[in-house]
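sequence plus predicted model, see below.
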Amino acid sequence: MSQRVVVVGAGVIGLTTAIRLAEAGHGVEVVAAEPPQATTSAVAGALWGPWLVEPRERVLPWAAHTLRVLGELADHPGSGVRVATGVEVSRVSYDPPDWSGLLSDRTPCTSDELPPGYRHGFRYSAPLVDMPVHLNYLLSRLQAAGGTLTIQRLTSLDQEGTDPQAVVVNCSGIGARHLVPDVDLFPVRGYHVVVTNPGLTEFLEADTEDPVDLLAIYPHRDHVILGGTAEPEVWDRGRDDAIAAAIVDRCARLEPRLAKATIIEHRVGLRPTRAAIRVEAERSALGSLVIHNYGHSGAGVSLGWGCAEEVVSLVSAATRATGF
């Protein structure tokens, strides 16, 4: 049964969810405070890997589904997705994350694959996404399926004028803190620096043993994204030259070719973080069906298509039960 659906939020979670709903035959309108290119998704490093998100029993199926979809999208020119190869390294031994079993080619690094000072690591291939390109692809795909995008800042999920018969899907990211409201949701600021590509083709992630200052190198054809930071409870999305210089410095120590790269752009976003990702349905105070899909922290790209599939199932089940 076709249902009118309002999706709140135009980041990767909102757009993938809206696409799956529209392609399932529902009438979909995306309402968002910011266009896709102004969202946190647009500034993500976007290497598939669902680090540090819960609950694991739900995360792993979402991650597996998303991995399959992104692998398929890598064959579509213009999607912004490619399957890249690289390494994650550490100075100390560590247990691989549970999702590593989803990667068929993940193997321990040989000694010549490790940067100086690093003794442990793994080599693998995974989808790496050029997010500005990918968001354009997602918006075009949504519109091709009949979906629309309206830029409007909502003050609540029950804002006056919302059709009470419409299903509202809340993919508002950090905005859910005020829209729900959800005081358990908090930002973790991520800072990336985009530089010219001196010829890099493989990604590199290194354990800095610091939960705030990260080290990641994500190469694309003509640019490289250098990361980064993970700063809890920091709301500032402004440029900070000192943070950027520190990021470039620690990346260049591992990859000296980056020392002379030119800075193109600073990208700053607020990862929407909570103890557990929220994907569930409830009734609003006005009786509307609201399906929440937020709290993915830095794993939105890694989980988006799997979570979208679950939202489609929730909408279908609710439609059958209520006769909407």
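That came through, no problem.

surely residue 303 meets residue 293?
No. Using C-beta atoms under 8 Å as the test, residue 303 is too far from residue 293 to be in contact (9.8 Å). Glycine gets a C-beta too; all of them are placed from N, C-alpha and C.

pLDDT score assigned to the closest residue to residue 76 other than its chain neighbours?
Using C-beta to C-beta, 6 or more residues apart in numbering and skipping the chain neighbours, the partner closest in space to residue 76 is residue 137 (7.9 Å). As predicted, residue 137 sits at a pLDDT of 98.

check residue 317 too.
Looking at residue 317, the pLDDT reads 89.

next, count neighbours for residue 210.
11 (other C-beta atoms under 10 Å).

strands of the stretch 201-324 of the chain, residue ranges please.
Taking DSSP state E, counting those that start in this stretch to define them, one finds strands in the stretch 201-324 of the chain at 203-206, 213-219, 223-229, 231-232, 263-283, 289-296.

deepest of those, which one?
strand 289-296 (a mean of 26; mean count of other C-beta atoms under 10 Å).

tell me what that one is packed against?
If contacts are counted by 3 or more C-beta pairs under 8 Å, 6 or more residues apart in numbering; DSSP states H and E, strand 289-296 sits against helix 12-23, strand 167-170, helix 176-179, strand 263-283, helix 300-322.

out of the ones you listed, flag the one nearest residue 96.
helix 300-322 (15.7 Å; C-beta to C-beta).

how about that closest one: buried residues?
Buried residues in helix 300-322, counting neighbours by 16 or more other C-beta atoms under 10 Å, are found at 300-312, 314-316, 318-319.

give the other helices and strands that that helix contacts.
Judged by 3+ C-beta pairs under 8 Å, 6+ apart, helix 300-322 is in contact with helix 12-23, helix 56-73, strand 167-170, strand 263-283, strand 289-296.

re earlier: can I get the helices and strands packed on strand 289-296 in CSV with distance to residue 99?
Output for the helices and strands packed on strand 289-296, formatted as CSV (distance: least, C-beta to C-beta, whole Å):
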stretch, distance to residue 99
helix 12-23, 18
strand 167-170, 25
helix 176-179, 24
strand 263-283, 14
helix 300-322, 8
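
low-confidence regions, this structure specifically.
160-163, 321-324 (pLDDT under 70).

quick one on the thing from earlier: switch the helices and strands packed on helix 300-322 over to JSON lines; also include distance to residue 154.
Formatted as JSON lines, the helices and strands packed on helix 300-322 follow (distance: least, C-beta to C-beta, whole Å):
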{"stretch": "helix 12-23", "distance to residue 154": "13"}
{"stretch": "helix 56-73", "distance to residue 154": "26"}
{"stretch": "strand 167-170", "distance to residue 154": "10"}
{"stretch": "strand 263-283", "distance to residue 154": "16"}
{"stretch": "strand 289-296", "distance to residue 154": "12"}
